[in-house]
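> Show me how the following folds:
(one chain, ligands or ions: 1)
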Amino acid sequence: MAAAIASPGSNGETGMTPQLQREIAVLLSWLFFMLMLGVIFDSIASFLLSGLLVYVVWTLYNLNKLNKWLAKPSKHTPEAIGVWDEIFYQLYNLYKRQRKARRKLTSILSRFQKSTKALPYATIVLNEFYEIAWFNPAAKQLFNLHSRIDIGQRIDNLIRLPEFAQYLLKKQYKKPLKLMLQKKKIIINITKYSEGQYLISARDITSLSQMDEMRRDFISNASHELRTPLTVISGYVEFLSHKAKDETKIPLEKMAEQIIRMNNIISELIELARLESSVTIDHSVKVEIDTLMNDVYAEAISLDKNRHHIELDIDTKNLTRIDSLYLYGSYDELRMALSNLLTNAIRYTPQGGDIKLFVAANDAAISVGVQDTGEGINYEHIPRLTERFYRIDEGRSREVGGTGLGLAIVKHVLDRHSANLHIQSEPGKGSLFRCDFPLSRLENQ
Ligand code: ADP
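Residues are numbered from 1 along each chain as shown. Take a look at the predicted model:
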């Protein structure tokens, strides 16, 4: 380690470089020479003093050259001899290394600036006070920024929207923010990339969201349009069933079953389109969990007709922060989500199995959900369960009256309530579907 710290050519023990040792030897020889002259001319003191004076003047002269070079370093170092030559040589090397490092840094910086300039996404760098430090041309265009006046301005002075100010204040940047700004729909991501440095990347998604809206409208309109002919067919099937002879009874029953299935699919498609298109829910409305759970439980009991053991378990012993248990949002949507989970548990749990509708609350989150001892789900299906029409076994789902849209609806409802769906399952043992409502979010609402 000591060898690594000592500079090349240094004497590890004394810390003296060979150049300095040589310089001392030269000085001592010079003084010895002056001493000899002093002896010859019988004036030792004055010769030694003049010898030292010459050395000091020479040192000052070199110091002056060094000072001048340091003030304006260049490729050409001053001519010098002895230790001074070595010093200039070392300084020149240092200067060369620094220049190289600076050139490299400049090229990295210019490459970074070129690539961020070329980025189609608006990019803004903010300091710890959310003041603009840098932005690219896309940001200039999207937010109408001007380099001269807007650098140093707080970003919320320029994007003057209450939801943006709230988003900055909450500092929960994992989820992007969607905004309407000058008739443009914008999605904003904020990343904290070093101590007190924020990177905003934003994108105009107006046309994307218009296309999305058209797709949703199409599904919703098509579903509504299908309802009328289906009602007519259903009427005729019912009419024919009354007069049917034995051989036509079964096909007519099958037709009636399929009509019910189609009706269910249409209703759920309309529900999904509604969930996607209605912008927000009112987060200030309290939903009493007790009432919600009891209503869902009562509905499940009547639907199940005693085929399973269904229990309701409300566990709040770990909750110390609030007296009454509330969620915030839409009672109807939350009830629909929980009903879907409970209906699935009834569908996919063999007769006699146990089903639990539960609430577990602690100071971090309120969790509500359903646990069953049914057929369970293989782990590879779990990430895809909330996709529309994703079914593990299509035949089985059809047989029990599934549409493949139930969990997609649950996911949408939870997203709208800032909650997360957690699924845990083991084939043959059962499944747990838990909806987590973080308390920090609930209280902020
Ligand atoms: P479906 O209407 O087909 O039930 P869902 O979206 O509600 O559609 O569920 C998707 C699939 O997830 C189902 O087809 C089923 O295979 C599986 N699933 C949902 N809930 C359960 C459960 N409690 N136990 C086992 N499988 C389940």
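
> Would you mind measuring from Arg215 to Ile87?
To Ile87, Arg215 is 75 Å away according to Cβ to Cβ, to the nearest Å. For every residue, glycine as well, the C-beta is placed using N, CA and C.

> neighbour count winner among the two?
Ile87 (15 against 12; other Cβ atoms under 10 Å).

> ok, the more buried one to Ile44 distance?
Taken as Cβ to Cβ, the span from Ile87 to Ile44 is 32 Å.

> Please apply the same query to Asn318.
In terms of Cβ to Cβ, Asn318 sits 95 Å off from Ile44.

> neighbour-wise, which of those two wins?
Neighbour count, other Cβ under 10 Å: between Asn318 and Ile44, Ile44 has more, with 15 against 10.

> out of everything not next to it in sequence, what's closest to that one?
Counting by Cβ to Cβ, 6 or more residues apart in numbering, Ile44 lies nearest to Gly38, which is 3.6 Å off, once chain neighbours are set aside.

> Confirm for me that the one you found is in contact with Ser50.
No: checked against Cβ atoms under 8 Å, the pair Gly38 and Ser50 is beyond contact range at 9.2 Å.

> Between those two, which has more neighbouring residues?
Neighbour count, other Cβ under 10 Å: between Gly38 and Ser50, Gly38 has more, with 19 against 14.

> Against which helices or strands is the host helix or strand of Asp156 packed?
Using DSSP states H and E, Asp156 falls within helix 155-158. Here helix 155-158 touches helix 162-170, going by 3 or more Cβ pairs under 8 Å, 6 or more residues apart in numbering; DSSP states H and E.

> Check the offset of the helix it packs on from the chain's centre.
Offset of helix 162-170 from its chain centre (Cα atoms, centre = their mean, to the nearest Å): 16 Å.

> Run through the neighbouring helices and strands of that helix.
helix 155-158, strand 177-181, strand 184-194.

> what about 7 Å?
Using 3 or more Cβ pairs under 7 Å, 6 or more residues apart in numbering; DSSP states H and E as the contact definition, the elements that helix 162-170 packs against are helix 155-158, strand 177-181.

> Contacts for the first one, please.
It stands for helix 155-158. 124, 126, 130, 132, 143, 145, 150, 164-165, 168 (Cβ atoms under 7 Å, 6 or more residues apart in numbering).

> With just CA atoms, put that helix into PDB.
Only the C-alpha atoms of helix 155-158 are listed here, as PDB (Å, rounded to 0.1, in the frame of the first residue of the first chain):
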ATOM      1  CA  ILE A 155     -41.700  24.100 -12.800                       C
ATOM      2  CA  ASP A 156     -45.000  24.600 -11.100                       C
ATOM      3  CA  ASN A 157     -44.900  28.300 -12.000                       C
ATOM      4  CA  LEU A 158     -44.900  27.200 -15.600                       C
END
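
> So for the helix ranked longest in the chain, what gets flagged as buried?
The helix that spans the most residues within the chain, counting by DSSP state H, is helix 206-243. Neighbour counts over helix 206-243 (16 or more other Cβ atoms under 10 Å) mark 216, 219-220, 223, 226, 234, 237 as buried.

> and what of stretch 262-269?
Buried residues in stretch 262-269, counting neighbours by 16+ other Cβ under 10 Å, are found at 262, 265-266, 268-269.
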